[in-house]
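**Q** What shape does this take:
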Amino acid sequence: MAAAILLRAWNLQDQSIWYDDYNCAGYLGCDRFRDYMVIIRHQNPEAVPLYYIFVYLWAQIFGAAGMVARWFSVLLHGATAWVLFRAGSRLAGRSAGLVAALWFACSPWQVWHGQSVRPYPLVALLSALLLWMVIQAVHTGSRRTGWAALLTLLVLPWVHLTSLVVLPPLMLGLVWVLWRGGRIPVRDMLLIIPLAAAVWIPLVYWTLHLPIVSAGAYSMYHPPDAVRSLFALLAPDAPQRMGEVLAGFPESWDPFLPAMVFLRDALEWILAAIGLMALTATGYRMFRMADLFGKGNAAPEGSGLAFVWLIAVLPPVLLVVLSYAWRPCFMPRYLMASAPALYLLVGAFFARPGRWSRPAAGLVLMVPLVLTGITCLASVTRADWLGAAGALWADARDGDLILSAASLGAPTLEYHLADRYRSTAPTAEQPFRIFRERRTICGPGWVYESSLKGRSVRFGITLSPLQATEIGAAYLEKNPGARIWIAWTEEPYGPPLFEQFASCARSRFATVYEWRFRGQFAVRLIRAEHPLGTAQGQEPPTGCAVSEEEARNFWEQAAGNAGALLTTDTVPALRRILPAPLPADLISLVGVSSTLAAAGYAAPARMLAETAASRFPNTPESALIRGVVAALTGEDCAVVDRAWDRIAEQSAFYGLFGKAVRARCRGDMETFARESARLDYMGIPLQF
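**A** Numbers count the residues shown, from 1 in each chain. Model prediction:
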């Protein structure tokens, strides 16, 4: 337990909040629990509420800082190690429990998730608790423990839906026990069915009413190849083979990089070999015990081992098969509910009596520990937004413009500039504040007056390298002594255009300085000065914007024949605000129309709002487009009020923006400033 907490607490203060963490930690500033759950429901469409309830209560007691939320996960993993020790001790003796708990504590995969602000640490704890209760119930015949196992199983899917993968092996394990001589508890079954219905019918309702998700949101899901399928079964803890932990080695290790990569890969294959031996040996022992005792005389130890073995083996196989037979639904983290069973099998394998068992177990535990050292402990494992924020705190000066390219929409740079990861200070006392009531158009975008460590700067969001360089050039034309900062991440899920920020900046500015902060996804930061002259209408460099054809295709698909007269003026604007070739779906229409309206392109914005209303009637998103566009393009505030009344009826999430949007439409900048600051602290800034 101490080892689990210590390894996860290591460099916790340096682990930035990245996109997935932000989708929980970023919203902990909500004053009202209802607002928090409304945001979680919208921003994490697949989320179920139990973990988020607990972490919100934790934040109310200890503070809403990101690092405080990480400590909740650390302590959950400490409890999980203790539960695994108890479960392993009941399964195969004290040595088995110790090895299982230490394997979990030292796993690089578990250390990674034990530092996250996501539901997986709670999944691991409840899964370990379920295994302990099942083993205890089978070994002792305790009816009370059996009911405890059932209640744990019923609660588990309320933490993460993918934990349902443990249900088929549990049912098969029950069949095994009954076949080996158990009896069907008719009275208990009559109680279990209505209890399961009472707990899971609301879960079914919750799942069937998920918010709309863009078609591209899950484009990173692919059926696992042969190697990943093998490691899913034998060694889910292998970070590189599973593609889960992509931490960069420290820069000081660069001279030894080939050797470190070889060591990492070798250790991961050793993990797989240990997993294979554990599964084979315990599976053989399980069937041998069944043969020894015969039908009708089931060995409790054999039945307990059968449950654990089935839970370790079937879920990864099931996810791989479903990914090929149905649709891609495999992610290594979805094995969190079954991984504790594998740790118990490893413990049982090394707990056999023998002269070399304990020394071998101690030596083998060095494998995950060394892997953890080189993939998690020696370097920053998340996108290092803290490093980028620190550079801006140190080097930005009065009058500078900071542009953030947030490919996944989470305002992670703003979060770390405000030091919300380490501090629970209220908005007025944070080192970075954006005054959204003080907004000016700047080239093909807009910027806000801001305060950074007492210095007056400007801040803006950019969606493409072309837009960033043109905003920067327009800003420097008005403020010749200023400098332009652009921050973005290198990530596989982001638009390919984002890879070109540095080269596009060098084509537009005479002086460009670059920083690269290593991590799972490297954070890039550039400072540009002295713009170069560019001929009016000149084609932007390759890779700095979507092509004219791609922008035209989006407009024609979105606006149809009705938008033909606006094509000539709209396509150049789209080339600056489209981060990638987008489909003309509802989510894209929301973003593009709002951005066009905020940038001053009223006519095409209204056209897209009308298109969304006709194509997707009676949806909160289409109502949102009309309300935002009306507010940003100077329409009658009565129209905005009516639109927002409809929006609030259809979507509690979009309704949260109503006060700010209405105040801006009326020109009530005092109310708008207060409401926009509140939204910033809630983690859902009004970017327009």
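**Q** Give me the helices and strands touching the helix or strand hosting residue 403, please.
**A** Residue 403 is part of strand 401-404 when elements are defined by DSSP states H and E. Where contact means 3 or more C-beta pairs under 8 Å, 6 or more residues apart in numbering; DSSP states H and E, strand 401-404 is packed against helix 412-417, strand 445-452, strand 455-461, helix 465-478, strand 484-489. For every residue, glycine as well, the C-beta is placed using N, CA and C.
**Q** again, 6 Å this time
**A** strand 455-461, strand 484-489 (3 or more C-beta pairs under 6 Å, 6 or more residues apart in numbering; DSSP states H and E).
**Q** Contacts for the longest strand that the chain contains next, please.
**A** Using DSSP state E, we find that the single longest strand of the chain is strand 432-442. Contact partners of strand 432-442, identified using C-beta atoms under 6 Å, 6 or more residues apart in numbering, comprise 417-418, 446, 448-452, 459, 471, 474-475, 600, 669, 672-673, 676.
**Q** Hey, what's the angle from it to strand 455-461? Just curious.
**A** 60 degrees (axes from the mean of the first three to the mean of the last three C-alpha atoms, to 10 degrees).
**Q** Where does the prediction get shaky in this structure?
**A** Scanning the chain for pLDDT under 70 picks out 178-186, 211-220, 243-248, 290-301, 353-358, 406-409, 493, 534-538.
**Q** that older thread, got a quick ChimeraX command for the buried subset of the contacts of strand 432-442?
**A** Buried residues within the contacts of strand 432-442, by 16 or more other C-beta atoms under 10 Å, are selected in ChimeraX with:
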select :417,418,446,448,449,450,452,459,471,474,475,672,673,676
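**Q** rewinding a little: mind putting the helices and strands packed on strand 401-404 into a markdown table with distance to residue 115?
**A** Below are these laid out as a markdown table (distance: least, C-beta to C-beta, whole Å):
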| stretch | distance to residue 115 |
| --- | --- |
| strand 455-461 | 28 |
| strand 484-489 | 18 |
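**Q** Am I right that residue 602 is in contact with residue 633?
**A** Yes - between residue 602 and residue 633 a contact is recorded at 4.0 Å, counting by C-beta atoms under 6 Å.
**Q** Roughly how far does the closest residue to residue 432 other than its chain neighbours sit from residue 646?
**A** Counting by C-beta to C-beta, 6 or more residues apart in numbering, residue 417 is the residue found nearest to residue 432 once chain neighbours are left out, at 3.7 Å. Going from residue 417 to residue 646 by C-beta to C-beta, to the nearest Å gives 36 Å.
**Q** sorry, back to before: would you mind finding the most buried of the helices and strands packed on strand 401-404?
**A** With neighbours taken as mean count of other C-beta atoms under 10 Å, these reach their highest mean count in strand 484-489, at a mean of 26.
**Q** Please give the number of neighbouring residues around residue 360.
**A** 15 (other C-beta atoms under 10 Å).
**Q** Please identify which helix or strand holds it.
**A** For residue 360, the element it lies in under DSSP H and E is helix 357-364.
**Q** just how off-centre is that helix within its chain?
**A** Mean-position distance between helix 357-364 and its chain equals 36 Å (C-alpha atoms, centre = their mean, to the nearest Å).
**Q** Give me the residues contacting it.
**A** Here helix 357-364 makes contact (C-beta under 6 Å, 6+ apart) with 99, 350.
**Q** quick one: buried residues of the helix or strand just after it?
**A** Per DSSP H and E, the first helix or strand lying C-terminal to helix 357-364 is helix 366-372. Buried positions in helix 366-372, judged by neighbour count with 16+ other C-beta under 10 Å: 367-372.
**Q** Next: stretch 467-483.
**A** Under 16+ other C-beta under 10 Å, the buried positions of stretch 467-483 are 467-476, 482-483.
**Q** Kindly export that stretch (C-alpha atoms) in CSV.
**A** Extracted C-alpha coordinates of stretch 467-483, given in CSV (Å, rounded to 0.1, in the frame of the first residue of the first chain):
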residue,chain,number,x,y,z
GLN,A,467,-5.0,32.2,-38.9
ALA,A,468,-2.3,32.4,-36.2
THR,A,469,0.3,34.1,-38.4
GLU,A,470,-2.3,36.6,-39.8
ILE,A,471,-3.6,37.5,-36.4
GLY,A,472,0.0,37.9,-35.3
ALA,A,473,1.0,40.1,-38.2
ALA,A,474,-2.1,42.3,-37.8
TYR,A,475,-1.4,42.6,-34.1
LEU,A,476,2.3,43.6,-34.7
GLU,A,477,1.3,46.1,-37.3
LYS,A,478,-0.6,48.0,-34.5
ASN,A,479,1.9,47.1,-31.8
PRO,A,480,5.4,47.1,-33.4
GLY,A,481,7.3,46.4,-30.2
ALA,A,482,5.2,43.4,-29.2
ARG,A,483,5.9,39.7,-29.6
